[in-house]
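S.K.: Based on what follows, work out the 3D shape:
(chains A, B, C and D)
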Number of protein chains: 2
Amino acid sequence: MSKTYTISDLAREFDVTTRTLRHYEDQGLVTPTRDGINRIFSHRDRVRLKLALRGKRLGFSLNEIRELFQLYDLAHDDRRQLEEFAVKLERRRAQLEQQREDVEIMLNEINFFAGQCQRLLTESGREKPVTT
Amino acid sequence: MSKTYTISDLAREFDVTTRTLRHYEDQGLVTPTRDGINRIFSHRDRVRLKLALRGKRLGFSLNEIRELFQLYDLAHDDRRQLEEFAVKLERRRAQLEQQREDVEIMLNEINFFAGQCQRLLTESGREKPVTT
DNA sequence: CATTGCTTTTACGTAAACGTCAATTCTGGT
DNA sequence: ACCAGAATTGACGTTTACGTAAAAGCAATG
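M.R.: Take a look at the predicted model:
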């Protein structure tokens, strides 16, 4: 008997609304069982939610995320599915490597601009010195 | 007299539709001049487009991107604007560092799964050997 | 000069990812 | 028994980022 979560447990923990969790169920990203009418989320659901939110931060759509989940679930037996999975993983990898590059470039730019800002701010600070 | 571009020049180069470029003009991301009725994009527009598309790949909204452009344009004189700019840069930096971490995690996962796939595929390849 | 090709504006359409009621229902506590 | 605080299911609304179709204007080319 492993740990379970209510909808608001997960909502709190991951800082999303309950609406979001219901929506993710509709989209097949999580598959909570029921206690009567109430949703019960498993540890697996929690993991999937975490993965989904990471995917989202990286700009993936819920469809893409679900597709990966499905392929991961199905790809164990079927060879065709497995090959398809491998292909999609390659695409993702390429995309992620592009993204890694983008992140580095932007971080460099931001560091540069932040430096400029600091310079300008401290300069104008000296022009108009504080009374302390 | 520096180089200029037509709408389809840029569309081709960056692999977007002309509709997208018009939309970006509406949103104030690019500011082409006119030759009669036709748009003429400058080098500056090209740079901004490139920045905008990088921002998009990282999941930023057009609003956020435009905001950064505006702040960058205005932040040279006004100290308040400059401080605001610095604050927003910090937020972006935090977000990008989160994203960098996300990318690394996902790349590791993908590498792991891709490895599994290869293993399974070559295994099943041996079970059913090719006739060559 | 007619066609082809690229451009324009206007304007409605759409998919994704939830937000936001509304109307109930359930449950724990007093 | 009763009330407050979560939970539920619809179902319509909203924002973003374009897609798409329609109607029209220039420009070169055969």
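S.K.: can you list the weak-confidence ranges in chain A?
M.R.: Residues of chain A that meet the criterion pLDDT under 70 lie in A:1, A:124-132.
S.K.: Show me the domain layout of it.
M.R.: Split into domains by automatic domain parsing, chain A comes to A:1-60, A:75-132.
S.K.: can you pull the contacts of A:Arg93?
M.R.: Contacts for A:Arg93 were tallied using CB atoms under 8 Å, 6 or more residues apart in numbering or on different chains; they are B:107, B:110-111, B:114. For every residue, glycine as well, the C-beta is placed using N, CA and C.
S.K.: quick one: which of the domains of chain A is nearest DNA strand D?
M.R.: Checking the domains of chain A against DNA strand D by CB to the nearest atom of the strand gives domain A:1-60 as the closest, at 3.2 Å.
S.K.: how about the CA coordinates for stretch A:88-98, as PDB?
M.R.: This file holds the C-alpha atoms of stretch A:88-98, laid out as PDB (Å, rounded to 0.1, in the frame of the first residue of the first chain):
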ATOM      1  CA  LYS A  88      11.000  10.700 -31.500                       C
ATOM      2  CA  LEU A  89      13.600  10.600 -28.800                       C
ATOM      3  CA  GLU A  90      16.200  11.700 -31.400                       C
ATOM      4  CA  ARG A  91      14.000  14.600 -32.500                       C
ATOM      5  CA  ARG A  92      13.600  15.700 -28.900                       C
ATOM      6  CA  ARG A  93      17.300  15.400 -28.300                       C
ATOM      7  CA  ALA A  94      18.000  17.700 -31.300                       C
ATOM      8  CA  GLN A  95      15.500  20.100 -30.000                       C
ATOM      9  CA  LEU A  96      16.800  20.100 -26.500                       C
ATOM     10  CA  GLU A  97      20.300  20.600 -27.700                       C
ATOM     11  CA  GLN A  98      19.200  23.600 -29.700                       C
END
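S.K.: now the angle from the longest helix along chain A to helix B:79-127?
M.R.: Criterion DSSP state H: the longest helix present in chain A is helix A:79-127. If you take axes from the mean of the first three to the mean of the last three CA atoms, to 10 degrees, helix A:79-127 sits at 160 degrees to helix B:79-127.
S.K.: which residue is nearest the middle of chain A?
M.R.: In chain A, the residue lying closest to the centroid (CA atoms, centre = their mean) is A:Arg54, at 1.7 Å.
S.K.: Help me confirm that that one comes into contact with B:Ile105.
M.R.: Yes. With contact defined as CB atoms under 8 Å, A:Arg54 counts as touching B:Ile105 (6.9 Å).
S.K.: thinking again about what came up before, between the contacts of A:Arg93, which sits nearest DNA strand C?
M.R.: DNA strand C lies nearest to B:Ile110 out of those, by CB to the nearest atom of the strand, at 19.3 Å.
S.K.: what's the neighbour count on the closest one?
M.R.: 17 (other CB atoms under 10 Å in any protein chain shown).
S.K.: List the buried residues for the helix or strand encompassing A:Phe69?
M.R.: Of the helices and strands defined by DSSP states H and E, A:Phe69 is found in helix A:62-74. When neighbours are counted by 16 or more other CB atoms under 10 Å in any protein chain shown, the buried residues of helix A:62-74 are found to be A:62, A:65-69, A:71.
S.K.: List the contacts of the closest residue in space to A:Leu68 that isn't next to it in sequence.
M.R.: Nearest non-adjacent residue to A:Leu68, counting by CB to CB, 6 or more residues apart in numbering or on different chains: A:Lys88, 7.1 Å away. For A:Lys88, the contact set (CB under 8 Å, 6+ apart) comprises A:67-68, A:71.
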